[in-house]
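Undergrad: no sequence on this one, just coordinates:
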């Protein structure tokens with residue numbers, strides 16, 4: 001069955017790129033509603049923005065959604081990953097600014113907030129996207145693919161010149177609460193040179209060592225170091241789940257990304273939906289539902305970080 005949050009979940013913080021304070025509330029929504037954002041600071045035009053792949057304005061830095069009236073909300077990927085990882089299919093998210101709060105740079109504050117309120121089962125069945133044949137895209141030296149599978153598995157490969165990152169690979173079956181347990185506390189990361197370049201261009205204004213891991217050559221600049229030795233690739237997998245959630249339904253397939261970012265994953269979704277013979281929509285039975293992200297999630301297994 002589909003799920004929503006049991007009661008409103010409140011968050012406040014700053015936007016990573018704007019540096020602006022923002023308040024956000026995740027509200028319960030009816031079955032078949034899907035995930036929608038509403039900009040409460042917009043009064044003169046349509047303030048509703050669907051969390052869907054075809055309203056994404058592709059960017060390498062974050063995922064930004066823009067409705068037909070030009071109203072946008074950006075950096076949605078961590079929240080979308082948390083919703084998918086908690087098995088939430090329907091929600092209305094009200095926000096008083098253009099960017100989701102970055103919090104600690106991971107998805108775990110969203111996961112803990114959602115699960116602290118609880119998830120409410122609804123009467124409508126879950127409909128999932130089953131991948132029937134491989135779909136692949138290549139953008140420069142980055143690739144992403146979706147392959148047939150009876151569950152969502154994410155495989156990711158990264159390769160950075162910085163010694164502190166280097167080459168990292170990881171594969172994870174997203175069933176049984178694996179997202180919350182294994183990936184949710186991994187933070188966004190960047191190189192010191194990237195920080196300087198972004199801020200010179202008016203971006204990353206809310207970034208700090210409190211909400212991002214910063215690498216400089218073979219050094220990790222954060223005083224407390226890494227949460228995981230492979231935190232970088234884990235965060236890329238977190239981002240991938242959030243970007244895949246914009247398909248509008250859970251995906252039953254194997255995602256394989258190599259050096260892929262937000263724009264590449266969105267390009268992959270566009271390629272998927274441009275090929276109707278590559279997928280079908282199925283109504284999930286009990287065994288299939290049990291393999292979806294969010295099922296089997298146990299509160300005590302959710303990481304608790306300062």
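TA: Here it is on my side, so go on. Only a predicted model underlies this, so the values are computations on that prediction, with no experimental measurement involved.

Undergrad: and the strands in the stretch 201-306 of the chain, which stretches?
TA: Along the stretch 201-306 of the chain, the segments classed as strands by DSSP state E, counting those that start in this stretch run 213-216, 219-220, 251-258, 279-283.

Undergrad: for the first one, name the packing helices and strands.
TA: Spelled out, that is strand 213-216. strand 189-191, helix 192-200 (3 or more CB pairs under 8 Å, 6 or more residues apart in numbering; DSSP states H and E). For glycine as for every other residue, the C-beta is placed from the backbone atoms N, C-alpha and C.

Undergrad: go on, the third one?
TA: Strand 251-258 is packed against strand 127-131, strand 142-148, strand 153-159, helix 231-244, helix 262-273, with contacts defined by 3+ CB pairs under 8 Å, 6+ apart.

Undergrad: pick out the shakiest of the helices and strands packed on strand 213-216, pLDDT-wise.
TA: Between those, the one with the least mean pLDDT is helix 192-200; it has a mean of 70.

Undergrad: any weak-confidence spans in the protein?
TA: Within the chain, the segments meeting pLDDT under 70 span 196-206, 306.

Undergrad: gap between the residue most central in space within the chain and residue 235?
TA: In the chain, the residue lying closest to the centroid (CA atoms, centre = their mean) is residue 242, at 2.0 Å. Using CB to CB, to the nearest Å, we find residue 242 at a distance of 11 Å from residue 235.

Undergrad: burial count for the spatially closest residue to residue 136 that is not a sequence neighbour?
TA: Excluding its sequence neighbours, the residue lying closest to residue 136 (CB to CB, 6 or more residues apart in numbering) is residue 145, at 4.0 Å. Residue 145 has 20 neighbouring residues, counting by other CB atoms under 10 Å.

Undergrad: got it, and the one 10 residues further on?
TA: Applying the criterion other CB under 10 Å, we find 17 residues in the vicinity of residue 155.

Undergrad: that one touches residue 257, doesn't it?
TA: Yes - using CB atoms under 8 Å, residue 155 is in contact with residue 257, at 7.2 Å.

Undergrad: residue 78: which element?
TA: For residue 78, the host element (DSSP states H and E) is helix 77-85.

Undergrad: measure how that helix sits relative to strand 251-258, angle-wise.
TA: 140 degrees (axes from the mean of the first three to the mean of the last three CA atoms, to 10 degrees).

Undergrad: still on that earlier bit, got the contact list for the residue nearest to the centre of the chain?
TA: Residue 242 makes contact with 63, 76, 77, 78, 79, 80, 81, 82, 84, 107, according to CB atoms under 8 Å, 6 or more residues apart in numbering.

Undergrad: now with 7 Å?
TA: Residues near residue 242 by CB atoms under 7 Å, 6 or more residues apart in numbering: 63, 77, 78, 80, 81.

Undergrad: that one and residue 16, how far apart?
TA: Computed as CB to CB, the residue 242 to residue 16 distance reads 14 Å.

Undergrad: what's the neighbour count on the residue nearest to residue 210 when sequence neighbours are not counted?
TA: Using CB to CB, 6+ apart and skipping residues adjacent in sequence, the residue nearest residue 210 is residue 104, 6.9 Å away. Other residues lying near residue 104 total 18 when counted by other CB under 10 Å.

Undergrad: which residues touch residue 104?
TA: Residue 104 is in contact with 187, 210, 211, 305, counting by CB under 7 Å, 6+ apart.

Undergrad: pretty sure the third one sits against residue 106.
TA: No - under the contact definition of CB atoms under 7 Å, residue 211 does not touch residue 106, with a separation of 8.7 Å.
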